[in-house]
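Asker: missing the sequence, but the structure's below:
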């Protein structure tokens, strides 16, 4: 039987106190809905249907993926009504898995166990147990057979039912045809005046369909996000899980509580990461790489043996082996460093390749440049690559020495072995192996006096 996944994502999220739709709030750098869709896709379903409502156009724009079908719930009349709207996009004969767009940590393994429990035409629900299940729908079972008979929402529960600790997580699986029949029978005679999806459980039991249950692996994976505090708690739970995986793989973390992975972080052997580091997008760290405190690395690769010192930002760049970056350095998109390059404090590199063994140790800007091997770039040096309309390249060939406070006005080529005197402004190509100076004549004005401020 083909699998179809329906994701309920129409909620407004009033407790977020935000104009952003709830499912677009970010967890570990990604929208809540993105996490849910990733879990759904891992099951290789025939169809994924997203039910949207509040801020719907924002949600659709954020997920232009071709594999998604969208259904608008114009009137928010409850979860049962939302699923009823979605079934028109679900292939006939499919088994339907219902997920919630604000439950981001649901695991693929748990979903597979739920689908297995629901095989053979059964309705399967995902449950969990809490010491205090306040606010959640309770799972009511027959006292003798222990079979699930219904779900009761807390606002409609009796005191005895509220004492039940097993609760329904909002995730279920059932054949499409039966769901359609049960959804057509549910009513809104309840405290909320809504059509509860949970009512299909009682209808299934009444029809003699077995309601199977599967327990969640842990509570974090079935916790929904309704407010900022819940979002913050799940963020830390996810980061602790990331840190545990890194430690298990042999990565040395100075403090597992002070690392944030907002994407995919791949590490080689003997990698060391200091405190308060943030990894975004796809980051790869080679063997023996060390990352100092308070660094941000985004969509980049750092080759074996390189050191990234404190307060460095590396964004969409490639760093070769045995390089030394920072502290307080910035590598912008398109920066490519060959092996044994030194980029020091307050140095910025953008859209440039720096050859092996070259150094810019402090206070420099290298943009839109091709820098050769064994080049020394002095403090205060900048490449002037933008004329207000177009960007131009600066070429610095091998074995050049660029004196402090030099200004290289592109397009310009500094030939192999050139020396550029400190304080020079270079706007013409230089000959190889020579010292080039471009300074105004120094003069001292005899008898000059500083201006005096007028008294008022």
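Answerer: Perfect, thanks for sending it. Treat the numbers as computed from the prediction; the structure is a model and nothing was measured.

Asker: Give me the mean pLDDT for stretch 128-140.
Answerer: Averaging pLDDT along stretch 128-140 yields 83.

Asker: which residues are contacting that stretch?
Answerer: 125, 127, 148-154, 157, 161-162, 164-169, 198, 213, 215-216, 219, 222 (CB atoms under 8 Å, 6 or more residues apart in numbering). To be clear about C-beta, it is placed using only N, CA and C from the backbone, and glycine gets the same treatment.

Asker: Can you give me the buried ones in that stretch?
Answerer: 128, 133, 136-140 (16 or more other CB atoms under 10 Å).

Asker: Buried ones among the contacts of stretch 128-140?
Answerer: Going by neighbour count (16+ other CB under 10 Å), the contacts of stretch 128-140 have 125, 127, 148-153, 157, 161, 164, 166-169, 198, 213, 215-216, 222 buried.

Asker: Mark which of those residues are part of strands, please.
Answerer: Mapping those onto strands (DSSP state E) picks out 125, 127, 148-152, 166-169, 213, 215.

Asker: ok, of these, which one's closest to residue 275?
Answerer: Residue 275 has its nearest neighbour among those in residue 169, at 34.9 Å by CB to CB.

Asker: ok, the nearest residue to that closest one once chain neighbours are set aside to residue 216 distance?
Answerer: Leaving out its chain neighbours, the residue that sits closest to residue 169 by CB to CB, 6 or more residues apart in numbering is residue 222, at 4.1 Å. Distance, residue 222 to residue 216, using CB to CB, to the nearest Å: 5 Å.

Asker: between those two, what contacts are shared?
Answerer: Counting by CB under 8 Å, 6+ apart, the residues touching both residue 222 and residue 216 are 126, 128, 169.

Asker: Please verify my assumption that the first one contacts residue 222.
Answerer: Looking back up the chat, that one is residue 126. Yes - the pair residue 126 / residue 222 is scored as a contact, 6.7 Å apart, by CB atoms under 8 Å.

Asker: Quickly list what's touching both of the two.
Answerer: Common contact partners of residue 126 and residue 222 (CB under 8 Å, 6+ apart): 169-171, 216.

Asker: Now render those residues as JSON lines, adding pLDDT and distance to residue 285.
Answerer: As requested, these are exported to JSON lines (pLDDT from 0 to 100; distance: CB to CB, whole Å):
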{"residue": "169", "pLDDT": "92", "distance to residue 285": "36"}
{"residue": "170", "pLDDT": "91", "distance to residue 285": "38"}
{"residue": "171", "pLDDT": "96", "distance to residue 285": "36"}
{"residue": "216", "pLDDT": "92", "distance to residue 285": "33"}
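
Asker: Could you pull up the residues touching residue 435?
Answerer: 418-421.

Asker: can you rerun that using 7 Å?
Answerer: Residue 435 makes contacts with 419, 421, as judged by CB atoms under 7 Å, 6 or more residues apart in numbering.

Asker: Who is it paired with across the strands?
Answerer: residue 419 (DSSP bridges).

Asker: Tell me where the model's unsure across the stretch 251-400 of the chain.
Answerer: Across the stretch 251-400 of the chain, nothing is flagged by pLDDT under 70.

Asker: circling back to that earlier point, which pair of the shared contacts of residue 126 and residue 222 spans the longest distance?
Answerer: The widest separation within those (CB to CB) is 11.0 Å, between 170 and 216.

Asker: wait, residue 430 sits on residue 414?
Answerer: Yes - with contacts counted by CB atoms under 7 Å, residue 430 reaches residue 414, the gap being 5.3 Å.

Asker: higher neighbour count, these two?
Answerer: residue 414 (27 against 24; other CB atoms under 10 Å).

Asker: what's the closest non-adjacent residue to the more buried one?
Answerer: Leaving aside its chain neighbours, residue 414 sits nearest to residue 396 (4.5 Å; criterion: CB to CB, 6+ apart).

Asker: what residues are up against the one you found?
Answerer: 369, 371-372, 375, 414.

Asker: who does it bridge with?
Answerer: residue 371, residue 414.

Asker: How about residue 166?
Answerer: Here residue 166, judged by DSSP bridges, has bridge partners residue 129.

Asker: With residue 337 instead?
Answerer: residue 319, residue 354.

Asker: what ranges do the strands span in the stretch 51-200 of the chain?
Answerer: 68-72, 95-100, 123-129, 138-141, 148-152, 166-175 (DSSP state E, counting those that start in this stretch).

Asker: my guess is residue 52 contacts residue 70, does it?
Answerer: Yes - with contact defined as CB under 7 Å, residue 52 counts as touching residue 70 (6.2 Å).

Asker: Which one's more surrounded, the two?
Answerer: residue 52 (25 against 16).

Asker: for the closest residue to that one other than its chain neighbours, what are its contacts?
Answerer: Distances taken as CB to CB, 6+ apart put residue 59 closest to residue 52, at 4.9 Å, once the chain neighbours are dropped. Taking CB under 7 Å, 6+ apart, we find residue 59 in contact with 9, 21, 23-24, 52.

Asker: Likewise for residue 237?
Answerer: By CB under 7 Å, 6+ apart, the contact set of residue 237 is residue 220.

Asker: Please render the ones in strands among the buried ones among the contacts of stretch 128-140 as JSON lines that adds distance to residue 281 to the earlier fields.
Answerer: What follows is those, written out as JSON lines (distance: CB to CB, whole Å):
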{"residue": "125", "distance to residue 281": "36"}
{"residue": "127", "distance to residue 281": "36"}
{"residue": "148", "distance to residue 281": "43"}
{"residue": "149", "distance to residue 281": "48"}
{"residue": "150", "distance to residue 281": "45"}
{"residue": "151", "distance to residue 281": "40"}
{"residue": "152", "distance to residue 281": "44"}
{"residue": "166", "distance to residue 281": "40"}
{"residue": "167", "distance to residue 281": "36"}
{"residue": "168", "distance to residue 281": "36"}
{"residue": "169", "distance to residue 281": "31"}
{"residue": "213", "distance to residue 281": "38"}
{"residue": "215", "distance to residue 281": "34"}
